[in-house]
Each structure stands twice: as C-alpha cells, then as structure tokens.
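Peer 1: Predicted coordinates and the sequence they were generated for:
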Amino acid sequence: MDAAAAPRTALTRSDLRTLGLAALGGALEFYDFIIFVYLTATIGQLFFPPDTPDWLRQLQAFGLFAAGYLARPLGGVLMAHFGDRGGRKRMFTLSVLLMAVPTLLIGLLPTWADIGIAAPLALLLLRLLQGAAVGGEVPGAWTFVAEHVPPRHVGFACGTLTAGLTAGILLGSLITGAVTARCTPEQMLSFGWRIPFLAGGAFGLLAVFLRRLLAETPVFVEMRRRGELERGLPLKTVLAGHGRAVAIAMLLTWLLTAAIVVVILMTPTLLQKLFAIAPASALAANSVATAALTVGCIAFGFASDRIGAARALLAGCLALLVATYGLYAGVQRSPDRLFSLYAVAGFCVGVVGVIPVLLVNLFPPAIRFSGVSFAYNVAYAIFGGLTPLFVVVWAQGMPLAPAHYVALLCALGSGIALLMYRGAVSTPWSEKRAQVP
C-alpha cells in the first residue's frame, strides 16, 4: 500500500489541539450546568415568595434543577439529527452557545421581589435551554473527538474529553465555594449568587470562540464526499435496525449514572447522614475525589487503547466495586480515612471514561451521533432521576446500601464486558468507522 494512502496511527499536534479545546469547552459547559445545584438554597430564597416554607422553597429550586435533566433527551435527539445530517462541528459549537447564553442571562435575571412569578418562569425556561444544550454536548463531544483521532487512540480521546466534563464539576464546586466563603449571607442574596453565573456565561462565550477554530471530523467529511450520509431520519434508522445496540448503550449508561450520581454527587450528603461526617470534611473530600476522577478517566481511557475496551471495563468495574465498599465500610469504621478512601473510589469511577469508547463503537458513522445521543440521554433521564430516590430509600437502616447499588451495576457492566470480550456483543471499530486516508 502506498504510504500516502496508509491510515494514520499516531496522534498529531492537530489531534492534541482538538482534544484540548474540546475538553476545555466541555469543562466550561458542565461548569455552567452544575453551579445551579450549589446555589439552590439562595435561588430558592430569591425566586419564590418570601412566605414560602423553607422545605417547599428547596423543593421548588431542586425542581428547577431537575427540569434541565428532563430537557436533555429532546435537545440531544434534535442536535444529533442535524449532527448526522449537516455536520458534527456545527452542533458541537451550538451546544456550548446554548449553554453560555442562558447561563449569562440567569446571572442577570430579576428576582421575585422585582417581577413576581415571571422570575421563576424565566428561570425555568433558561434551565430547559441549558438541559437541551447538555443533551447535545456529551454525545456530540464523544462522537467529535472519537472521529478526529486514529482508531488506536479513541480511548485516550474519549477519556480526555470525559475528564474535561468532570473537571467542570470540580470547577463549579470550587468557584461557588470561594464566592460563598468571601461573601456574607446578605451579600450572597444581593449580588454574590450572580457572580458564578456571569463568570460561567463569559467562559462559555470564550468556549464558543475556541470551538469555531476546530475542523469538521475527517469521518464526516469522508462520508459526505462518498455520499454516505443518512438520507432519512437518523433516529428512525437507529430504532428500526439497531435496537440491540441501543439496549446495550442504555445499560452502559446506567452503569455510568450509578458511578457518577451515587459516588460523586450523592456521597457527600450520604456520608453526613449515615456516618455523621462534618459537612466541610465531606465536601472537601468530594473535591479530592472529583480531582481523582478526572485523572482516572484519562487512565482508563488510555488503558482501553492498550488492552481493549472490554478488558478495561471489566477491570474498572471490579475496581469500582471494591473501592465503593471500601469507602462506605471504611468510613463507617475509621472516619479519619475518609480522604484517602474517597480519592481511591473517585479514581475508580474513572471507568466511565471507557463507556463512551463502547458507545461510539456500537453505531455506524452515518447514525452514530443519533444512536449515542438517544441511548445516553434517555437512559440518563430515567436512571439519573430514579437513582437518588431509590438509594435514599434503600439506605434507611442500611448504611452500605449505596455500595450495594453500585456493586449491582458493576456486576452488570462486568457481564457486558465479558460478552464483548468473547465476541457475543462486538462491533469492531475498524468496521464501523469510515476509513479516512
């Protein structure tokens, strides 16, 4: 074969630049989406009637947060449709724009005291736009980076991108924590709560500019040149001919939600309630765990390139199972080991960096964006919404219930990994990826 026609095997400087800009944009977008949850108490006081009971204000504020998740499937499906038909880059840029503008506007919103019921209604609308943006961002970002790099580096690319998303969660925690620490309660109600949103909007607009510098994926360019783009409705093709892939992708997403929602998002609160850990210690340990998760995503993604995604998933599931039990049982017996145990568990949650490698590999290029987006967003909306309720109820009188739940999903992930390793569920990347010289 002519050397000029041989497929690329090494990461180029352009590939690394693309990964860096994609991960940075993902971090800023997830920062914009997640800061709301850290400010729900303040938002509840400002956007609902002052005579509303505290518990109801909190419930209403969390309802606004949850509205963002409900909009994810619709936003993801719509963006994926146009991403498969018109290009990955356009939707990749649009998703961060749809996040940046609402975030900026939230920081400028008048409150209940200014415009009454119009304030929470406007906030609801902006949260729905943010949810739609995230619905397109995650599957779009995985598809974008996976199609930019040589096949042997897809794991590293997806792991790096996922690390960027988790870094956005950490950034949101740190910035809102810093603002809260430096403002009095009166200042937070007056102007302090606006600072993280205004900063996030500015960061997001910067990310829009940076993403405009990126090129369309070589895979999409080649499909368009060959006339292989999907002519009908991509989602219809996904549902009609790839039901098995959708089911597997949804099960893998369930594993992802168990790891992220339980170990990272819920554990700080659970540790306080189950083991009387001080709030400051629980939150500080959570920051350490999230930082370890960022490193873990890259490590597991890199491992999938070296030993195969199925083996990396199997090893990661077993490690996460042990680490989660170690965290809950260890803190129950020795609270002073919280930071080290949580750091290990956070690193093992990094197995989620392998999951996008498997998701993008389940669908052919012409419908890849739509397939990944539908399966991921629908599964996340279902399992992400039900997991907290189920775990909280189960944990009543059973302190290890969160670890049991994660263990069950790790067992499911291990089973899928074994099936993939044995070839019972296998879609080689080389067959699904458009071959680009």
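Peer 2: Alright, I've got the coordinates.

Peer 1: switch to C-alpha atoms for all contacts and neighbour counts from now on
Peer 2: Will do.

Peer 1: For this protein, give me the ranges with low pLDDT.
Peer 2: Within the chain, the segments meeting pLDDT under 70 span 1-8, 55, 58, 423-437.

Peer 1: Please repeat the previous calculation with a cut-off of 50.
Peer 2: Applying pLDDT under 50 to the chain picks out residues 1-6, 426-437.

Peer 1: and the nearest residue to residue 400 once chain neighbours are set aside, what does it touch?
Peer 2: Distances taken as CA to CA, 6 or more residues apart in numbering place residue 328 nearest to residue 400, at 6.3 Å, with adjacent residues excluded. By CA atoms under 8 Å, 6 or more residues apart in numbering, the contact set of residue 328 is 399, 400, 403.

Peer 1: what's the helix or strand for residue 328?
Peer 2: helix 309-333 (DSSP states H and E).

Peer 1: Just the residues contacting the helix or strand following that helix, thanks.
Peer 2: Remark: after helix 309-333, the chain's next helix or strand is helix 338-349, criterion DSSP H and E. Helix 338-349 has contacts (CA under 8 Å, 6+ apart) with 259-260, 263-264, 285-286, 288-297, 316, 319-320, 323-324, 326-327, 330-331.

Peer 1: got it, and stretch 172-186?
Peer 2: By CA under 8 Å, 6+ apart, the list of residues contacting stretch 172-186 from outside reads 31, 32, 34, 35, 38, 39, 188, 192, 193, 195, 196, 287.

Peer 1: run the last query once more with 6 Å
Peer 2: 31, 35 (CA atoms under 6 Å, 6 or more residues apart in numbering).

Peer 1: next one: it to chain centre, how far?
Peer 2: Counting by CA atoms, centre = their mean, to the nearest Å, stretch 172-186 is centred 24 Å from the centre of its parent chain.

Peer 1: got the buried residues for it?
Peer 2: Across stretch 172-186, burial judged by 16 or more other CA atoms under 10 Å covers 172, 173, 175, 176, 179, 180.

Peer 1: Now these in a markdown table, please, with extra columns for secondary structure and distance to residue 111.
Peer 2: Formatted as a markdown table, the buried residues of stretch 172-186 follow (DSSP: H, G, I helix; E, B strand; the rest coil; distance: CA to CA, whole Å):
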| residue | secondary structure | distance to residue 111 |
| --- | --- | --- |
| 172 | helix | 22 |
| 173 | helix | 23 |
| 175 | helix | 22 |
| 176 | helix | 19 |
| 179 | helix | 20 |
| 180 | helix | 19 |
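
Peer 1: Residue 67: neighbour count?
Peer 2: 19 (other CA atoms under 10 Å).

Peer 1: So residue 81 versus residue 125, what's the distance?
Peer 2: As for residue 81, its distance to residue 125 is 23 Å (criterion: CA to CA, to the nearest Å).

Peer 1: Pick out whichever of these two has more residues nearby.
Peer 2: Legend: neighbour count by other CA under 10 Å for residue 81 and residue 125, higher for residue 81 (22 against 15).

Peer 1: what number of residues lie near the closest residue to residue 118 other than its chain neighbours?
Peer 2: Among residues not flanking residue 118 along the chain, residue 112 sits closest, at 7.5 Å (CA to CA, 6+ apart). Neighbours of residue 112 under the rule other CA under 10 Å: 17.

Peer 1: mind checking the backbone torsions on residue 112?
Peer 2: phi -60, psi -40 (degrees, to the nearest 10).

Peer 1: right, and it touches residue 120 too?
Peer 2: No. Assessed by CA atoms under 6 Å, residue 112 is found out of contact with residue 120, at 7.4 Å.

Peer 1: what touches both of these two?
Peer 2: The contact lists of residue 112 and residue 120 share residue 47, where a contact means CA under 6 Å, 6+ apart.

Peer 1: Quickly list the domain ranges of this structure.
Peer 2: 12-229, 237-437 (automatic domain parsing).

Peer 1: Span of the first one from start to end?
Peer 2: So the one you mean is domain 12-229. Domain 12-229 has an end-to-end distance of 27 Å (CA to CA).

Peer 1: ok now that domain, how far from the chain's centre?
Peer 2: The answer for domain 12-229 is 10 Å, by CA atoms, centre = their mean.

Peer 1: re earlier: residue 251: which of the contacts of residue 328 is nearest?
Peer 2: residue 403 (18.4 Å; CA to CA).

Peer 1: which residues touch the closest one?
Peer 2: Contacts for residue 403 (CA under 6 Å, 6+ apart) come out as 324, 325.

Peer 1: Mind doing that once more with 7 Å?
Peer 2: 324, 325, 328 (CA atoms under 7 Å, 6 or more residues apart in numbering).

Peer 1: quick revisit: secondary structure and distance to residue 17 added to the contacts of residue 328, as JSON lines?
Peer 2: JSON lines is the format used below for the contacts of residue 328 (three-state DSSP; distance: CA to CA, whole Å):
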{"residue": "399", "secondary structure": "coil", "distance to residue 17": "45"}
{"residue": "400", "secondary structure": "coil", "distance to residue 17": "43"}
{"residue": "403", "secondary structure": "helix", "distance to residue 17": "38"}
